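J.: Quick one, fold the following:
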Amino acid sequence: MKLSLSVRVAEKFLAKREANMTLQQLASLAAQHGYDALCMRASQVGVHSPRETVGAARALLAEHDLPVSMLTGDFPIPENSDDEGPQALRHITPYLDLAEQLGALLLRVCIKTDEDLEWTRRACDEAAERGLQLAHQCHTRSLFEEVDRALATIASIARPNFGLIYEPANLELCGQDYGLDTIRRFAPHIFNVYLQNHVIGPDGDSVLETWCRGEVRFRQVPIWADEGIDFAPIIAALSDLDYRGHITIHQASADLGTETAVAESARYLRSLGVGD
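T.: Numbers count the residues shown, from 1 in each chain. Got it, this is the predicted structure:
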């Protein structure tokens with residue numbers, strides 16, 4: 001399993017368009033702490049970026065030996081926007097162009113309703129012509145909130161280059177099992193793994209809306225904290241199932257500062273056997 005750092009760590013939790021570090025700073029940190037790849041988002045480079053910016057980003061990442069593990073090409077996708085999030089599926093070409101320019105083989109997309117499914121199939125077919133894959137995160141307020149519905153959606157899309165970003169924290173927010181049984185069910189479809197941590201409870205200072213449970217309150221805690229999600233059995237299960245893709249740190253810094261989050265997350269996950 002390879003260790004990937006999402007540029008999400010340098011975004012505000014609820015302000016995903018705002019980066020607090022440059023790509024140069026993030027790449028240097030990632031290389032310093034032994035990450036194998038960087039997960040790119042529009043807060044650094046997206047479909048809105050000028051070609052010269054994209055070229056400079058690829059050169060910078062090559063200099064630090066950091067391939068792009070996955071691309072999220074615009075802001076509405078991670079914002080999970082009901083109206084704008086799925087629009088990339090209807091106009092996928094510039095996203096595929098950007099992926100090729102950055103050397104990324106995997107793109108994240110946003111699917112909100114059954115009406116998006118035919119567009120997803122078409123986008124997958126166009127991506128397949130370029131040898132690219134599309135994936136959707138286990139995420140609140142999407143067709144991937146609940147395990148059974150996520151699997152049914154993947155079956156309905158029925159494209160070998162469409163898969164899942166397994167993410168236990170969002171599954172827990174939706175009251176879903178995220179352990180060994182779920183990982184086994186998801187295993188044939190897992191294209192990427194996102195990790196972030198929280199503790200659910202009525203006194204949490206953060207709140208997210210779900211379709212299946214309404215509002216859920218929680219507080220963010222670091223990946224390596226002795227509370228919240230226990231990642232050791234998750235990593236062990238993925239290893240036992242021979243998952244060889246990326247394990248991506250996908251958490252804003254939880255108020256500890258980006259540098260601490262980057263360093264300590266790498267230390268912790270390497271202690272669990274993640275990283276080439």
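
J.: Isn't residue 176 up against residue 148?
T.: No - counting by C-beta atoms under 8 Å, residue 176 stays clear of residue 148, with 9.0 Å between them. All C-beta atoms are positioned from the backbone trio N, CA, C, and that covers glycine.

J.: List the buried residues in stretch 223-237.
T.: Buried residues in stretch 223-237, counted by 16 or more other C-beta atoms under 10 Å: 223, 224, 225, 228, 229, 231, 234, 235, 237.

J.: quick one: secondary structure of the most centrally placed residue in the chain?
T.: Note on the chain: the residue nearest the mean C-alpha position is residue 194, at 4.9 Å, using C-alpha atoms, centre = their mean. Three-state assignment for residue 194 (DSSP: H, G, I helix; E, B strand; the rest coil): strand.

J.: Just flag the most distant two among the buried residues of stretch 223-237.
T.: Of all pairs drawn from the buried residues of stretch 223-237, the greatest distance, 20.0 Å, lies between 225 and 237 (C-beta to C-beta).

J.: before we move on, the earlier item: just the buried residues of stretch 223-237 now: which is nearest residue 189?
T.: residue 237 (14.9 Å).

J.: tell me which element that closest one is part of?
T.: helix 231-240 (DSSP states H and E).

J.: tell me how far that helix is from the chain's mean position?
T.: Offset of helix 231-240 from its chain centre (C-alpha atoms, centre = their mean, to the nearest Å): 18 Å.

J.: my guess is residue 8 meets residue 261, correct?
T.: No - Residue 8 lies out of contact with residue 261 (C-beta under 8 Å); the separation is 10.1 Å.

J.: next one: phi and psi at residue 208?
T.: The phi/psi pair for residue 208 (degrees, to the nearest 10) reads phi -130, psi 150.

J.: How about residue 78?
T.: phi -70, psi -20.

J.: List the residues that contact it.
T.: Residues in contact with residue 78 (C-beta atoms under 8 Å, 6 or more residues apart in numbering) are 8, 16, 41, 42, 72, 108.

J.: Could you save the residues you listed as a markdown table and add columns showing distance to residue 121?
T.: Formatted as a markdown table, the contacts of residue 78 follow (distance: C-beta to C-beta, whole Å):
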| residue | distance to residue 121 |
| --- | --- |
| 8 | 28 |
| 16 | 27 |
| 41 | 25 |
| 42 | 24 |
| 72 | 20 |
| 108 | 17 |
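
J.: From these, keep the buried residues only.
T.: Buried among the contacts of residue 78 by 16+ other C-beta under 10 Å: 8, 16, 41, 42, 72, 108.

J.: what's the nearest residue to residue 158 if we skip its chain neighbours?
T.: Closest residue to residue 158 apart from its sequence neighbours, by C-beta to C-beta, 6 or more residues apart in numbering: residue 121 at 7.4 Å.
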